[in-house]
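can't give you the sequence, but here's the structure:
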């Protein structure tokens, strides 16, 4: 049974070119996050705008 603090997580997979991956890695490093954290946060922020 899930508690109020637990949320379901769903895996998403995307395919990108090497140049896009390289750019995302650089951007994530600049802000001190993983590529996954960077992509999710950026996409979520843009989706909510």
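Nice, I can see it. Computed from a predicted structure; not experimentally measured.

Pull out the buried positions in stretch 22-38.
24, 28, 38 (16 or more other Cβ atoms under 10 Å). Where C-beta positions appear, they are placed from N, C-alpha and C, glycine not excepted.

can you list the residues you listed in a markdown table and add secondary structure?
Formatted as a markdown table, the buried residues of stretch 22-38 follow (DSSP: H, G, I helix; E, B strand; the rest coil):
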| residue | secondary structure |
| --- | --- |
| 24 | helix |
| 28 | helix |
| 38 | helix |
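
so which of these comes closest to residue 10?
Nearest to residue 10 out of the buried residues of stretch 22-38 is residue 38 (Cβ to Cβ; 18.2 Å).

Okay, helices next: where are they in this structure?
18-31, 35-48 (DSSP state H).

for these, which one sits closest to residue 10?
Comparison of the helices of the chain against residue 10 by Cβ to Cβ identifies helix 35-48 as nearest, at 11.3 Å.

Summarise which helices and strands that closest one is packed against.
Using 3 or more Cβ pairs under 8 Å, 6 or more residues apart in numbering; DSSP states H and E, the elements in contact with helix 35-48 are helix 18-31.

chain center to the helix it packs on, what's the gap?
12 Å (Cα atoms, centre = their mean, to the nearest Å).

One more: stretch 30-41?
With Cα atoms, centre = their mean as the basis, stretch 30-41 stands 6 Å off its chain's centre.

The closest residue to residue 33 other than its chain neighbours: how many residues sit nearby?
Spatial nearest neighbour of residue 33, chain neighbours left out: residue 41 (7.4 Å); criterion: Cβ to Cβ, 6 or more residues apart in numbering. Per other Cβ atoms under 10 Å, the neighbour tally for residue 41 reads 13.

Could you measure from residue 41 over to residue 31?
Using Cβ to Cβ, to the nearest Å, residue 41 is found at 9 Å from residue 31.

And for residue 37?
9 Å.

now residue 8
For residue 8, the distance to residue 31 equals 27 Å [Cβ to Cβ].
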